[in-house]
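**Q** with the input below, show me the fold.
(chains A, B, C and D)
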Protein chains: 2
Amino acid sequence: MPTARRSPLTRERVLRAAVRLADKHGLDALSMRRLAATLRVEAMSLYNHVANKDDMLDGIVELIIGEITLPTPGGDWKAAMRTRATSAYRVLLAHPWAALLIVSRMNVGPNMFRYIEATISTLREAGLTWAHTDRAWNAIDSYIYGFTLQLQNFPVEPGEYASAAASFLPMLPSAQYPVLHEMTTLVANGTHDGTHDFSFGLELILEGLDRMVAQARR
Amino acid sequence: MPTARRSPLTRERVLRAAVRLADKHGLDALSMRRLAATLRVEAMSLYNHVANKDDMLDGIVELIIGEITLPTPGGDWKAAMRTRATSAYRVLLAHPWAALLIVSRMNVGPNMFRYIEATISTLREAGLTWAHTDRAWNAIDSYIYGFTLQLQNFPVEPGEYASAAASFLPMLPSAQYPVLHEMTTLVANGTHDGTHDFSFGLELILEGLDRMVAQARR
DNA sequence: GTGCCTGTGCTTACAGTGTAAGGCCTTACG
DNA sequence: CGTAAGGCCTTACACTGTAAGCACAGGCAC
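**A** From the prediction side, this is the model:
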């Protein structure tokens, strides 16, 4: 008698389920037992498809790196890098666990390599030296990851900045923190919106690089 | 008969021991039981001085934030921000667990508030609007944390970049990753050192802000 | 002194973690 | 049909954070 056959586990299915679980319930909820449960399987069965938990985490990072739009070398390098950065930013927001994993482990995989290759070849074709390419790539990524992490760590929904600021004010006596107090008051007022702006710092960096390129051409 | 009295536990002593333990053996080794052991005490005794592990982690972040040199408002704002950034960078390197903790939790405490106050008042006195102050502060910190995390995550000691690059080369066939392959070859050669450079991106951001200030003055 | 309260450190216990070791059962192939 | 391989399972272990409650000390009021 054919028992109700479930489709067999694969590395792919395990990783996709892991991404779904982390997206929905956060990185802390992503334990081997819980992940197994979502696949209607016992924890140890996962180990037939991933070497261990670290391998699984590496796998889901690789998966979502593949979601980032690659910059295309050869055209407008600034636009390409902007596209890349905002795409990465969007992907990191869609998978709020990802930025932390990326910055806390070594990521080596085809998707990551493709991502790097597209990035540095774009910068090279823009006319940057090897040294500048390396540093530019690093500066942009530092900003992307740092910005995203700070944003996600900030436990206030956009649209609630004013009310959150108001509730923070009592902790910030103006005698000790005059400027911080004033800024918080302005946010509570609605005079200053206080929202984070990803493109601000990104453009600062891109424009700085642009000047470098222009200078090198002269 | 007076038993050998050990000095009593305090929050201060607990937190300092936690910093020492994390510095020496990493964040993963910082468990309540191990921390208690270094103080010759049982794990549960710690809970008389910290509310729980999260509270303890918040405490050690506050402690090391206090180690950062504050920027002094009023003088050369760019130099002040540079000093602040490099001091923060050095502190984060001295406590390799810190950056990850900072970007993965809300930090509220007097040291953190003082740090923010000094930062934004310096930027305000430089002539930036509230909006620009907020964004500038955020951009700089994003870069600091992102850069540090990427650096610490990169498991190669400075001085071993060349040999590490050489051992990576086989993973990077030039057919698929021509530019990445070439850059890695140059690092293996010693032609390009491949080291990370904190000040590169920092100066990009500071110069961008400088131009904003100049433009606003006109 | 006695009684009491408070605070500090301890023991025990529980639910949850990653994963090593090994057993069973289905499938594929000779 | 017999055998081998592999996927999934159970069991077990060492470790985690921390709740509950005990033991004992010091300080205070009387």
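**Q** the spatially most central residue of chain A is in what secondary structure piece?
**A** For chain A, the residue nearest the mean C-alpha position is A:Leu92 (3.2 Å; Cα atoms, centre = their mean). Using DSSP states H and E, A:Leu92 falls within helix A:77-94.
**Q** so after that helix, what's the next helix or strand?
**A** Going down the chain from helix A:77-94, the next helix or strand is helix A:98-103, by DSSP H and E.
**Q** what helices and strands are in contact with that following helix?
**A** Packed against helix A:98-103 by the contact rule (3 or more Cβ pairs under 8 Å, 6 or more residues apart in numbering or on different chains; DSSP states H and E) you find helix A:53-65, helix A:77-94, helix A:130-153, helix B:98-103, helix B:130-153. The C-beta positions use only the backbone N, C-alpha and C, and glycine is treated the same way.
**Q** one more pass at 10 Å, please.
**A** helix A:11-25, helix A:53-65, helix A:77-94, helix A:130-153, helix B:98-103, helix B:130-153 (3 or more Cβ pairs under 10 Å, 6 or more residues apart in numbering or on different chains; DSSP states H and E).
**Q** need these in TSV (columns: mean pLDDT and distance to DNA strand D).
**A** Converted to TSV, these look like this (pLDDT from 0 to 100; distance: least, Cβ to the nearest atom of the strand, whole Å):
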stretch	mean pLDDT	distance to DNA strand D
helix A:11-25	97	9
helix A:53-65	98	13
helix A:77-94	98	27
helix A:130-153	97	19
helix B:98-103	98	13
helix B:130-153	97	21
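**Q** quick one: which of those is nearest A:Leu123?
**A** helix A:130-153 (4.3 Å; Cβ to Cβ).
**Q** on the pLDDT front, check the nearest residue to A:Tyr89 once chain neighbours are set aside for me.
**A** Once flanking residues are discounted, A:Tyr89 sits nearest to A:Phe198: 5.6 Å by Cβ to Cβ, 6 or more residues apart in numbering or on different chains. A:Phe198 is assigned 98 on the pLDDT scale.
**Q** likewise the one 4 residues further on?
**A** At A:Leu202, the predicted lDDT confidence score is 98.
**Q** mind listing what the residue nearest to A:Tyr89 touches?
**A** By Cβ atoms under 10 Å, 6 or more residues apart in numbering or on different chains, A:Phe198 lies in contact with A:85-86, A:89-90, A:93, A:143-144, A:147-148, A:151, B:135, B:138-139, B:142.
**Q** derive a PyMOL selection command for the buried subset of these.
**A** Buried residues within the contacts of A:Phe198, by 16 or more other Cβ atoms under 10 Å in any protein chain shown, are selected in PyMOL with:
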select buried, (chain A and resi 85+86+89+143+144+147+148+151) or (chain B and resi 135+138+139+142)
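**Q** which single one of the contacts of A:Phe198 is nearest to A:Leu169?
**A** A:Leu169 lies nearest to B:Asn138 out of the contacts of A:Phe198, by Cβ to Cβ, at 20.1 Å.
**Q** helices and strands around the helix holding A:Leu92, which ones?
**A** Helix A:77-94 packs on helix A:53-65, helix A:98-103, helix A:110-125, helix A:130-153, helix A:198-217, going by 3+ Cβ pairs under 10 Å, 6+ apart.
**Q** how close does the closest residue to A:Thr119 other than its chain neighbours get to DNA strand C?
**A** Spatially, and ignoring its direct neighbours in sequence, A:Thr119 is nearest to A:Trp137 (5.5 Å; Cβ to Cβ, 6+ apart). Distance, A:Trp137 to DNA strand C, using Cβ to the nearest atom of the strand, to the nearest Å: 32 Å.
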